[in-house]
Structure formats: structure tokens, C-alpha cells
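[1] Need a 3D model of the sequence below.
(2 chains)
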Amino acid sequence: MTTVAPGTGTHAPSVGTAHTRVEGRDKVTGAARYAGEVPFAGLAYGWLVLSTVARGRIRALDTDPVLAMPGVLAVLDHRNAPRVDTDYTGLLGTPPDPTCAVFQHDRVPHLGWPVALVVAETSEQAREAAETLVVHYEQEPHDIDFTGGRPDAYPVDGHMPGVTEKGDLDAALVSSAVVVDAEYTTPEEHHNPMEPHAATARWDGGRLEVIDSNQGATWVVGELANLFSLDPASVRVRSEHVGGGFGSKGVRAHQVAAVMAATVLQRPVRVVMTRRQMFSLAGYRSPTAQRVRLGADADGRLRALEHRSVSVTSTVHEFVEPSAGVARVMYDADAHHTANRVVRLDVPTPTWMRAPGEAPGSFALEAALDELAEKCGIDPIELRLRNEPDKGPVSGLPFAGRNLAACFREGARRFGWADRDPRPGLRRDGRWLLGTGTAAASFPSGAAPSTASATAHPDGTFTVRISAADIGTGARTALTLVAADALRVSVERVRVRIGDSDFGPAMIAGGSMGTRSWSWAVTAAAGELRERLALDTDMPPEGITVRSDTTAAIGALTPAERHSFGAQFAEVAVDTATGEVRVRRMLGVFAAGRIVNPLTARNQLRGGMIWGISMALHEEAVRDRASGGHVGADLAGYHVATHADVPRVEADWIDDADPADPVGIKGIGEIGIVGAAAAVANAVWHATGVRHRGLPIRPDRVLSAAAGAPDA
Amino acid sequence: MASSTSSVITLEINGEKHTLPVDHRTTLLDALRERLDLTGTKKGCDQGQCGACTVLLDGRRAVACLQLAVAAEGREITTIEGVADGDRLHPVQQAFLDLDGYQCGYCTPGQICAAIGMIEEHAAGWPSAVTDDVRPEAGPPPLTADEIRERMSGNLCRCGAYVSIVEAVARAAGEAAAERRVTPAAEAEEAVA
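    A predicted model of the protein is given here:
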């Protein structure tokens, strides 16, 4: 028997202090292995074949010549692939997107739809065979024409109601002294995590094992078990390191195809999406067309607010980009109408992408607020402060903390906002016109049930296990700090293991709910373990393990509007000769609960803001009407911000403690992008006097707008 | 065995010689990852657009996805697995670790190899698109934050860790410059701090 001392009262808290990542050394030495990098004996390589038409039927696949090619082991298509079941509701409360249920029928609902998987001994053989496979289609006319004015758009409830309405909008607009009525558009945007989706599947002693890159191992287990009618306990998914996700890494064609091939061939099979395939298989953010109407008194107080958004979804699955949702949190008015509608087209199904709804929605709403500030002759920050609601504008629920005003005050001080001349088009630096802009940000702070275990070992160390995913957020490190504090020991004595579905159900890395949800479960398990150790220090050789489940605790939360808030500031320079827009500096000040690890938190918040720069100026997936597919579906055709596009970006936070909250931690993965594009667009107006209501603000748009604008 | 579609080649990687048969279509990137279990070099796009597979070929940075393995014979290949000195991290690695110059880590090996190559290129006097004075006699320009950003722009980081990557590169470049006793890059670190 060994005795072990639990933490003493002298323990200095780890949460709130900067810690480098616990897996940092593995990441900088190349030792960290991602999903496509775990070796297996007898590994075979699968290569997906995607449709080249946007709508129709598969008439025939010439598989015989392909099967005769060197190294080719199998071709799976709708005629011979194992059947899967899609009649279920998954962990997130939605039915599966049939896009992941590959090779079940001959219908082609969009260009880039998976029609076959070629499996071979090497990736070179698989690739050449896949490119050789001739597929004959019965092509039908397709419709990919997205506009906000489509009469077939209809409202959809996603993770929020599709439509909310209170008050008489027309009457409120008529009685308003000032009205803004504008349409805003955002393009189709793609996540493009640096690590392409990859999965290796194999059967091992009657158990299906999948090494995968995903945002939630138990989530993927649940989906695969449902699809293949397996006992969830007979499926294990591991994802030790994940090279970015941003919403795109759930169950997709590659895991399902890999499981099918591993089942048919009874050997390990790896399927990795190519960068180009990701553009049709990995999900994306729908383009949006949004109309915002604001009516206000002369002093800027809102009487009417209407925010209506249209997005696209596929013909096979309903997904709504809820862009109008942000108005339900941010601003109140006597007449308050919001609607999220979709139109179904012959395109892939969009999905969650960093701040789904809030990212495009805040661009429209916060740009409209800036237009209202201009019309009222009121400072944009003052306008927002005058419209701070005292309760949820739609829910009527109290806010569990709403520190937006404090973010604006601190941000304005640090950015130097007080000296700003509100008039546009006045500041010049050589050929550059300069301007500054601001916008507000908010993102929900939710939690979902999770389980965790904490083990005390005889050597005085501890192991915490939770099926969390670290997709770059620093979750592994954050949970180490959280566990150390709950145990009241130093972080060196705590090992946190994640990314394994065998650790039990847990929330996914999504919705900015991961760290909040997991910390809750880890704190519960580790805290109870500390209490157990304090009572009984006899330590069996296998250690002492305590498990937690937060389902009941989360169910007992009192209803409230729980959100993070933030104030975004940007300074831009606009080249009047070329139309180029450069962001010169950016500052974001956030109220995001207790910050667990300042080092990684600052990095993550800045990353969100940089997504905002990228969204404002660069990102746009363009579809060709004739083919229905993308033009330039790669990282040369689809621009994401690179080093030279990113100036000094500062992110900081204010004290946002909520003693009434059981965890006090909010998510920070998404709040950074919210409002960031609007701040840039508002700064472009301040620089040039021209409103850009369509993203991205490309040089050609700047030039053509300037040509028609008297003051630019 | 050599055939019309494959050859036996010898690659010198991180100072070690590896002899292996390769399909002529095999890229250096796939040879490293799939044949030699050197998975530190990452595949982000497989077409030279993201920089995740950056390695050093004879000390110069190159994307391994656009290099056929058979064409890499006779070159000195350095991958992320070979930049540390035993257990002692390379100063660029250490700076990335200390300053959080990454998030998901997938672009990191490429960023680090690119930074190592870039610091050498700069020290050798190569100008960039933002260098004001490009005359050879002007010598290396100060390695400001803007110079680093310009020179590192072939390496995408979708997580958006650019600010801390530039800080890390500036710190490591400053240390390298101090060793060389040339213009310190402290100004760059200050400029981005």
C-alpha cells in the first residue's frame, strides 16, 4: 500500500496562467501523428471517384478494365457496396446527411458526389485507377442559381427557430425618423483545415477500429454504429491529433467508404480526401443573401429591426445557415422580425463552419448598424450602447452577464477611437486612403452532457480521460490545467488523455462548447477524486478511479441568455489605383468568461479575427453555372489569408467572471470571427466613403465602386 | 527491383541513407510519408499551394509534393525529424513551442522548415518583394515583421496563428543573427510584439 497526498491548500491555481501546449514538443518535431499517418501492416489505399455531372443518374461504370490494372483490389460502387441505414437521429439531434451514406443508389444530386471507391495496394495505383474509371451518366438539367429573391426559399428551423416575429414592422418603420434598408451578400466559403480528412479503418478481433481526423470520437462512433447497424461498443474511433476542423470534421464519405472497403477486403484501408475533393465532400458555408431593415428615432434608438437571410442547401439534406439569429441576441426593438430561409439547389450540403450564422449574420447586421450610425450622425459605439437590451430581445430571458459595453470601452481606449473623425474619405497616406471601423460580436455559450474519468496512481500522478478532441484549440492543455486545479496539484502530475471513443460519451469540439462542457466533466471527476483521496488514502496498486457524468447538472441550469461578447476594431488602407485593401491593424476585446490558458486563448481569438480578415477580403468559392461545379477548387483558386495579409492583430479580454455559473468557462473558438468582417468593411467605408455590402471586398469591386462614387 | 515503372533509389535524409524501390510516380512527399515512415512532413494540398510539405533540399526550402522521389537522389534532404540536435530543439522549434506559433500543428513542420531556410536566404542577402534596397551591396535588409510575413507567405496556417509564428521566427532569426554577429533582428521582434 502506498499513500498519496491529495492537493493541499497551498496549491497555486494553474487556470489563468500561460502554459505551452502539452503536446507542443511532438508538434514541433513532427512526432505528432495525425489520422493518415499511423502505420498498419497490409494497409490498402482507397481513392474516391466523384461525379462529373451536377444532376442525373449513373448509367454504367466500366470497372472491368480498372480491376485489371496493377495492384487494384476492388472497386466499390452502388451495385456492390455494403448497405447502410440512414434512418436514425444522431448525437446532435439531426438525421445524417445522406452524403456520407455513399454508394447506395444511382442518383447524382451534385457535382462531386462520390460514385465509387477504388482500392489498391499503393496510393499511386489507386489514384491512377480512380482517374481511369469511366462512369457513364444520364445527365439532367441542374439548377445552382442562388439569389436572395428566389420564390422557392422557405423558412427552416435549424438549431434555432426559423422565424421570430414581434410587433408591427411596417408601422414601426413608418414612424421611424431614420431608416436603413440594405441587402448584404456573403459568398460560399470553405473550411479548408490544413489536414485533409483522413480515415483508416480495420477490423480487429471483431471490433471495428477507425483512426480518424474528427471533432468528436464518440460522435463518429455513434454515426458509424448506426450506419452499419453495429453495437456502438464494437466500434472504436481514435483521433489523437486533428489538423483543424472548423466544423467540417464529422462523419463524411471517407470514413464510411474506408469502413466498407475494410469490411469487404478484411484488411486495413485508408481513405484520404484530396484538397480538391474536400470542396465537394467536406461541407462548406452556404452563400447568404440578407436583407436588414432598421428603423430608429433621431437619437438612434431602434424602433424596428428586420433581419432576413436566405442560404442554400442540397436536394438531399436540409441545413440552414442561421444568419438572422444574431439579431435575436444583439438588439431589441418594438418591432423585431427575423427569418432564416433556405433554397434547395443541385449543390453539396453545406454545414457548420466557424460561427455558423453569426459570422455572415454579424457582417450584415453590424454593417447595417454602421450605416444607421452614419445616418443618425452618432458615433457607432455610442449607437450600440444606446441599444443595449436588458433582456433577451426575443426570448425575454435575463442575460447571464452581458459585458459588451465594457468591451467597447476598453477597446476604444486601446484602439484610440476617441480621436476618430467620423467623416469618410478624408485620411490619406500616399496612394492609400485610411479608415477605421468597429463592430460588436456575440456567440452563445452552451454546454452539453459529457463523461470523464480521473485516476489517481500510486506514484502520485493522475490520469484524466475524456473523449475530447483537440483540433488546435489547445483543449488538451486547457483540460490539464482544469484538472490540476480540481485536484489541487501541479500540472506536472496530471496527464490528460483525449481523442478515444473508449473514454465514453462527450461533447464534440464544436459550437464553442467543447472546453466548457469537458471542463465541467473533468472538474466533477477530479474534484470527487480529490475528496475520495482526502478521506481514504489507501491506494490499491491499480489506483483509484472516479467517473463523472454532467447530464443532470447541465439539465439543472436555469434558463438564461448565455453568451460571449466582444468589440472588434480594424484600421484599413485602400489603394485607390489598384483597389487593394490592406488591414493595417486589428484589435478585439472580448468578454468570454474565465480564460483557462492565456497563451493559447489569445492565439485562438486572433485566429478567429484573422478568419474575419480572410472572409472580408479573400474567401470566395465560385461556381460555374454550366457545369455546376467550382472554378479553381484548391488553395490557389480559393484564397485564405496568408502571412502577408495579416498585420498586427491583438486580442485581449476583460474580466467576465460569473460566480453563479458552475464552470465559469465560455468557449472562445468562434467569437473571434464574429463582427470581424463587419469591422473591416466599416473601415473600408470610413476610408473611401463607399459601402461594400457584398463580400469579399475584392480589388475589382473597390475599383468599380469608386468609379461610380463621387467622393471616392 | 528496377523496371519500366519503378527504380531502386538511395535518398539521403537527415544524414542517413535509405535505399528503396519506388514507383516512378511517387513524390518525395509520399516516399517520406508512406515508404519511410517519416510522417512529420505533412500533405496539405499535394499541389504546391500550401507549404505544409516544405523540406530543405541542399539547405534550400522546397515543397516535397512537387518533387519526384527519383529526382531527389543525390540531394541532401532535411525534414522536420532532422532539424533538432538530438534532444535539443532547433532554435526555430523552441521559439514555436515557447511562443505558441501554431494551433492544430499540421502546418507547423512546414512553417519551421520554411523559417529555417528563409533565415539562411535572408542572411545570404536575398531580397524579398518588400525589400526597399535590393542592390547586392546593400546587404541583407533588417528582418522586420513585414519581411518575415512576405518571405513566409508560401506557408498557409488555416488556424490563423500567423502573429505568433512571425514572433517565433523573429526571435529565432534574432538568435541566429546574434551568433553570426550581423544586424540583430530585435527590431522585428519588437515590431510584432
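
[2] alpha carbons only for contacts and neighbour counts from here, please
    Noted.

[3] Grab the nearest non-local neighbour of the residue in the stretch 451-600 of chain A positioned nearest to chain B.
    Residue of the stretch 451-600 of chain A nearest chain B, by Cα to the nearest Cα: residue A:472 (3.4 Å). With sequence-adjacent residues excluded and distances taken as Cα to Cα, 6 or more residues apart in numbering or on different chains, residue A:472 is closest to residue B:104, at 3.4 Å.

[4] Kindly indicate whether the one you found is helix, strand or coil.
    Assigned with DSSP: H, G, I helix; E, B strand; the rest coil, residue B:104 falls in the coil class.

[5] Let me see the contact set for it.
    Taking Cα atoms under 8 Å, 6 or more residues apart in numbering or on different chains as the criterion, residue B:104 is in contact with A:241, A:242, A:243, A:244, A:470, A:471, A:472, A:473, B:159.

[6] go on, residue A:71?
    Listed by Cα under 8 Å, 6+ apart, the contact set of residue A:71 reads A:120, A:121, A:122, A:125, A:126.

[7] got the phi/psi numbers for it?
    phi 80, psi -10 (degrees, to the nearest 10).

[8] Next up, the contacts around residue A:313.
    Residue A:313 neighbours (Cα under 8 Å, 6+ apart): A:286, A:319, A:320, A:342, A:343, A:344, A:345, A:347, A:348, A:349, A:350.

[9] returning to that earlier point: show me the contacts of residue A:71 that map onto strands.
    Using DSSP state E, the members of the contacts of residue A:71 that fall in strands are residue A:120.

[10] Tabulate the contacts of residue A:71 in a markdown table, adding columns for neighbour count and pLDDT.
    Below are those laid out as a markdown table (neighbours: other Cα atoms under 10 Å in any protein chain shown; pLDDT from 0 to 100):
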| residue | neighbour count | pLDDT |
| --- | --- | --- |
| A:120 | 27 | 98 |
| A:121 | 17 | 98 |
| A:122 | 18 | 97 |
| A:125 | 22 | 98 |
| A:126 | 28 | 98 |
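
[11] Closest to residue A:371 out of the contacts of residue A:71?
    Proximity of these to residue A:371 was ranked by Cα to Cα; the top entry is residue A:126 with 54.9 Å.

[12] who touches residue 17 in this structure?
    Just so you know, I chose chain A. So residue A:17 contacts A:596, A:597, A:598 (Cα under 8 Å, 6+ apart).

[13] meant chain B, my bad for not saying
    B:10, B:11.

[14] State the number of residues packed around residue A:510.
    Residues near residue A:510, counting by other Cα atoms under 10 Å in any protein chain shown, number 24.

[15] got any ranges where chain B has weak pLDDT?
    Applying pLDDT under 70 to chain B flags residues B:1-2, B:181-193.

[16] Mark out where each domain of it begins and ends.
    Dividing chain B into domains by automatic domain parsing, as the record does, gives the ranges B:6-82, B:91-192.

[17] and the last one, how far out from the chain's middle?
    The chain centroid and the centroid of domain B:91-192 are separated by 11 Å, computed with Cα atoms, centre = their mean, to the nearest Å.

[18] what's the answer for the first one, then?
    Mean C-alpha position of domain B:6-82 versus that of the full chain (Cα atoms, centre = their mean) differs by 13 Å.

[19] Span of it from start to end?
    27 Å (Cα to Cα, to the nearest Å).

[20] what does stretch A:624-644 give?
    OK, stretch A:624-644 end separation, Cα to Cα: 29 Å.

[21] Stretch A:190-207 too?
    First-to-last distance for stretch A:190-207 - Cα to Cα - comes to 34 Å.

[22] Wondering if that stretch reaches chain B at all.
    Yes - counting by Cα under 8 Å from any Cα of the partner chain, chain B is contacted by stretch A:190-207 at A:192, A:193, A:194, A:195, A:196.

[23] So which bits of that stretch are buried?
    Residues A:190-203 are the ones in stretch A:190-207 that count as buried (16 or more other Cα atoms under 10 Å in any protein chain shown).

[24] Kindly reformat the contacts of residue B:104 as a markdown table and extend each row with secondary structure and distance to residue A:270.
    Listed next are the contacts of residue B:104 as a markdown table, based on DSSP: H, G, I helix; E, B strand; the rest coil; distance: Cα to Cα, whole Å:
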| residue | secondary structure | distance to residue A:270 |
| --- | --- | --- |
| A:241 | strand | 17 |
| A:242 | coil | 16 |
| A:243 | coil | 17 |
| A:244 | coil | 19 |
| A:470 | coil | 22 |
| A:471 | coil | 20 |
| A:472 | coil | 23 |
| A:473 | coil | 26 |
| B:159 | coil | 25 |
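
[25] Can you select the buried ones among those for me in PyMOL?
    To isolate the buried members of the contacts of residue B:104 in PyMOL, using 16+ other Cα under 10 Å:
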select buried, (chain A and resi 241+242+243+244+470+471+472+473) or (chain B and resi 159)
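
[26] nearest to residue A:171, of the contacts of residue B:104?
    Checking these against residue A:171 with Cα to Cα, the nearest one is residue B:159 at 45.9 Å.

[27] by contact count, what packs against the longest helix anywhere in chain B?
    Criterion DSSP state H: the longest helix present in chain B is helix B:162-180. The contact analysis (3 or more Cα pairs under 8 Å, 6 or more residues apart in numbering or on different chains; DSSP states H and E) places helix B:162-180 against helix A:598-617, helix B:91-99, helix B:145-151, helix B:186-192.

[28] again, 7 Å this time
    Judged by 3 or more Cα pairs under 7 Å, 6 or more residues apart in numbering or on different chains; DSSP states H and E, the packing partners of helix B:162-180 are helix B:91-99, helix B:145-151, helix B:186-192.

[29] List the beta-bridge partners for residue A:241.
    residue A:34 (DSSP bridges).

[30] I'd say it and residue A:33 touch.
    Yes - with contact defined as Cα atoms under 7 Å, residue A:241 reaches residue A:33; the gap is 6.5 Å.

[31] Which residues of chain A lie near chain B?
    Neighbours of chain B within chain A, by Cα under 7 Å from any Cα of the partner chain: A:20, A:24-25, A:27-31, A:37, A:124, A:193-196, A:242-244, A:274-275, A:471-473, A:599-600, A:603, A:607, A:610, A:635-636, A:642-644, A:648-649.

[32] got the CA coordinates for the longest helix along chain A in PDB?
    Longest helix of chain A, by residue count under DSSP H: helix A:514-535. Only the C-alpha atoms of helix A:514-535 are listed here, as PDB (Å, rounded to 0.1, in the frame of the first residue of the first chain):
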ATOM      1  CA  GLY A 514     -16.100  21.800 -26.100                       C
ATOM      2  CA  THR A 515     -13.900  23.300 -23.400                       C
ATOM      3  CA  ARG A 516     -16.900  24.400 -21.300                       C
ATOM      4  CA  SER A 517     -18.500  21.000 -21.500                       C
ATOM      5  CA  TRP A 518     -15.400  19.000 -21.000                       C
ATOM      6  CA  SER A 519     -14.100  21.200 -18.200                       C
ATOM      7  CA  TRP A 520     -17.300  20.600 -16.400                       C
ATOM      8  CA  ALA A 521     -17.000  16.800 -16.600                       C
ATOM      9  CA  VAL A 522     -13.300  16.900 -15.700                       C
ATOM     10  CA  THR A 523     -13.800  19.100 -12.700                       C
ATOM     11  CA  ALA A 524     -16.600  16.900 -11.500                       C
ATOM     12  CA  ALA A 525     -14.500  13.700 -11.800                       C
ATOM     13  CA  ALA A 526     -11.200  15.200 -10.500                       C
ATOM     14  CA  GLY A 527     -12.900  17.100  -7.700                       C
ATOM     15  CA  GLU A 528     -14.700  14.000  -6.400                       C
ATOM     16  CA  LEU A 529     -11.400  12.000  -6.700                       C
ATOM     17  CA  ARG A 530      -9.700  14.600  -4.500                       C
ATOM     18  CA  GLU A 531     -12.400  14.300  -1.900                       C
ATOM     19  CA  ARG A 532     -12.100  10.500  -2.000                       C
ATOM     20  CA  LEU A 533      -8.400  10.700  -1.500                       C
ATOM     21  CA  ALA A 534      -8.800  13.100   1.400                       C
ATOM     22  CA  LEU A 535     -10.900  10.600   3.200                       C
END
